[in-house]
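Undergrad: pasting the structure only:
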């Protein structure tokens with residue numbers, strides 16, 4: 001699984017959680033979830049986890 005940013009014509013890019021596989025020599029993509037409404041820092045945290053990184057809880061700001 002990976003996160004892909006897909007450009008939209010007049011709108012902000014769609015941020016999608018996807019998986020890919022090969023079928024008959026062609027690559028097929030399947031969208032698992034639309035993450036466009038998520039905050040950027042949360043999406044980047046998920047991207048880090050998908051790459052094998054570690055999640056660290058951020059401290060609350062006063």
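TA: Everything's here; your move. Remember, predicted model here, so these are calculated numbers, not experimental data. Numbers count the residues shown, from 1 in each chain.

Undergrad: quick one: residues in contact with the helix or strand of the chain at the bottom of the mean pLDDT ranking.
TA: In the chain, no helix or strand scores lower on mean pLDDT, DSSP states H and E than helix 40-50, which sits at a mean of 91. Helix 40-50 is contacted from outside by 1-3, 15, 17, 35, 38, 54-55, 58, using C-beta atoms under 8 Å, 6 or more residues apart in numbering. To be clear about C-beta, it is placed using only N, CA and C from the backbone, and glycine gets the same treatment.

Undergrad: if we use 10 Å, what do you get?
TA: For helix 40-50, contacts defined as C-beta atoms under 10 Å, 6 or more residues apart in numbering pick out 1-3, 5, 15, 17, 33, 35-39, 53-58.

Undergrad: same check, this time on stretch 19-32
TA: Stretch 19-32 is contacted by residues 1-2, 4, 6, 14, 16-18 when judged by C-beta under 10 Å, 6+ apart.

Undergrad: re the thing from before, from the contacts of helix 40-50, which would you call buried?
TA: 3, 15, 17, 35, 38 (16 or more other C-beta atoms under 10 Å).

Undergrad: now the least confident helix or strand of the chain: buried residues?
TA: Residues 43, 45-46 are the ones in helix 40-50 that count as buried (16+ other C-beta under 10 Å).

Undergrad: what is the distance between that helix and the centre of its chain?
TA: 7 Å (C-alpha atoms, centre = their mean, to the nearest Å).

Undergrad: mind listing the strands for the chain?
TA: Listed in chain order, the strands of the chain (DSSP state E) span residues 2-6, 14-23, 26-34.

Undergrad: in TSV, list those along with mean pLDDT.
TA: As requested, the strands of the chain are exported to TSV (pLDDT from 0 to 100):
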stretch	mean pLDDT
strand 2-6	95
strand 14-23	96
strand 26-34	96
